[in-house]
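Engineer: give me coordinates for this.
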Amino acid sequence: MNLESLRGKLVYQGILLGGVTLITGGALALADRATEADILAAKARDMKQSLSQVLPGQYDNDLLKDTVVLPGPDGDVTVYRARKAGKVAAVVFQVQAIGYAGPVVSMMGVDRDGHILGVRVIQHKETPGLGDKVDPAKTDWIHSFEGKFLGNPPADRFAVKKDGGVFDQFAGATITPRAVVKSVKGGLEFFAREKGTLLDESQGSAATTTNGGMAAQVAAAKAK
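Structural biologist: Sure, this is the predicted structure:
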């Protein structure tokens, strides 16, 4: 095989490889666009399920379309607002604290008077059989927050019993419940601090309000 023939073969292989790469990239892009709406819709369903677990009762609005974003200790916090007759009756938002194996993320619902409606841990990496007792399918511990508010218990007793508080810890696992209690207390403090904005009762807030939220993302994806 002479040099000229070899050069031609190498050029051909390069063009062929480039063509295959281009076609593959295009196919992946099309597949991504085709599944985007379904992925967003699935996320919306998951979010609605999470919201319903900490927000009992019926409300007039679509929570995914009524949100406000406020700065929190760990970054921006998206707050979902539930209304009755146009008035904010309750809010739901995420809180987190560091547990034994990483962040323990919870969703909590709070009524307009600052009382906890419900708390659910939605993400954690805690030890199975110990830290995972925050799951309501395993124990009733997570329900101990319901009805609590700042002042009940007092701030210095809003902790696990090992730290002088009122909440039980788990046998052999104190760090996980301590993290959840800390994050929930922080969530109540966040609500108290931002209550006017969350309930649409303050003016001139630096908060970002969205009227579309995740539901709007789904609609936009389907329109593509």
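Engineer: strand partners of the lengthiest strand in the chain, parallel vs antiparallel please.
Structural biologist: Taking DSSP state E as the assignment, the strand of the chain that covers the most residues is strand 87-98. Counting by DSSP bridges, the strands paired with strand 87-98 are strand 75-84 (antiparallel), strand 103-111 (antiparallel).
Engineer: from those strands, which stretch is densest packed?
Structural biologist: Highest mean neighbour count of the strands paired with strand 87-98: strand 103-111, a mean of 22 (counted as mean count of other CB atoms under 10 Å). For the C-beta atoms, the positions are set from N, CA and C on the backbone; glycine is no exception.
Engineer: could you dump the strands paired with strand 87-98 into TSV and include mean pLDDT and distance to Asp66?
Structural biologist: Listed next are these as TSV, based on pLDDT from 0 to 100; distance: least, CB to CB, whole Å:
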stretch	mean pLDDT	distance to Asp66
strand 75-84	94	5
strand 103-111	95	14
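Engineer: to Val184, which of the ones you listed lies closest?
Structural biologist: strand 103-111 (6.1 Å; CB to CB).
Engineer: average pLDDT across whatever helix or strand comes next after that closest one?
Structural biologist: Next along the chain after strand 103-111, taking DSSP states H and E as the criterion, comes strand 116-123. If you average the pLDDT over strand 116-123, you get 94.
Engineer: about what we covered before: just the angle between the longest strand of the chain and strand 116-123, please?
Structural biologist: 40 degrees (axes from the mean of the first three to the mean of the last three CA atoms, to 10 degrees).
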